[in-house]
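> no FASTA, just this:
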């Protein structure tokens, strides 16, 4: 938690999304983190997707 607090001190109001496993969900919920659903793609994935659609 100290690292998260330091990040908030450096950039107040910023958001930090943590990736978790089903086994760590209760740990983060206990600390007050809200669950979220999302997707992630890297620039390499985008380039690969673009080249495969051409």
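All right, it came through fine. Because the structure is a prediction, the values reported are computed rather than measured.
> Low-confidence stretches in the chain?
Per-residue confidence of the chain (counting by pLDDT under 70) places no residue in a weak region.
> Residue 27 sits in which helix or strand?
Secondary-structure assignment from DSSP states H and E places residue 27 in helix 25-30.
> So which residues make contact with that helix?
With contact meaning C-beta atoms under 8 Å, 6 or more residues apart in numbering, helix 25-30 is reached by 18, 20, 35. All C-beta atoms are positioned from the backbone trio N, CA, C, and that covers glycine.
> Distance to residue 42, secondary structure and neighbour count for the residues you listed - can I get that in JSON lines?
Formatted as JSON lines, those follow (distance: C-beta to C-beta, whole Å; DSSP: H, G, I helix; E, B strand; the rest coil; neighbours: other C-beta atoms under 10 Å):
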{"residue": "18", "distance to residue 42": "18", "secondary structure": "coil", "neighbour count": "9"}
{"residue": "20", "distance to residue 42": "19", "secondary structure": "coil", "neighbour count": "15"}
{"residue": "35", "distance to residue 42": "23", "secondary structure": "coil", "neighbour count": "8"}
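> Please tabulate the residues you listed in JSON lines and include distance to residue 50 as additional columns.
Formatted as JSON lines, the contacts of helix 25-30 follow (distance: C-beta to C-beta, whole Å):
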{"residue": "18", "distance to residue 50": "29"}
{"residue": "20", "distance to residue 50": "30"}
{"residue": "35", "distance to residue 50": "32"}
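> any idea how far residue 32 lies from residue 40?
In this view, residue 32 and residue 40 are 23 Å apart by C-beta to C-beta, to the nearest Å.
> cool, and residue 17?
The span separating residue 17 from residue 40 equals 9 Å under the rule C-beta to C-beta.
> And for residue 3?
According to C-beta to C-beta, residue 3 and residue 40 sit 21 Å apart.
> Residue 7 too?
To residue 40, residue 7 is 19 Å away according to C-beta to C-beta.
> Which one of the two is surrounded by more residues?
residue 7 (12 against 7; other C-beta atoms under 10 Å).
> Need phi/psi at the closest residue to that one other than its chain neighbours.
If the residues on either side of it in the chain are set aside, residue 7 comes closest to residue 16, at 6.3 Å by C-beta to C-beta, 6 or more residues apart in numbering. Here is the backbone geometry of residue 16 (degrees, to the nearest 10): phi -120, psi 120.
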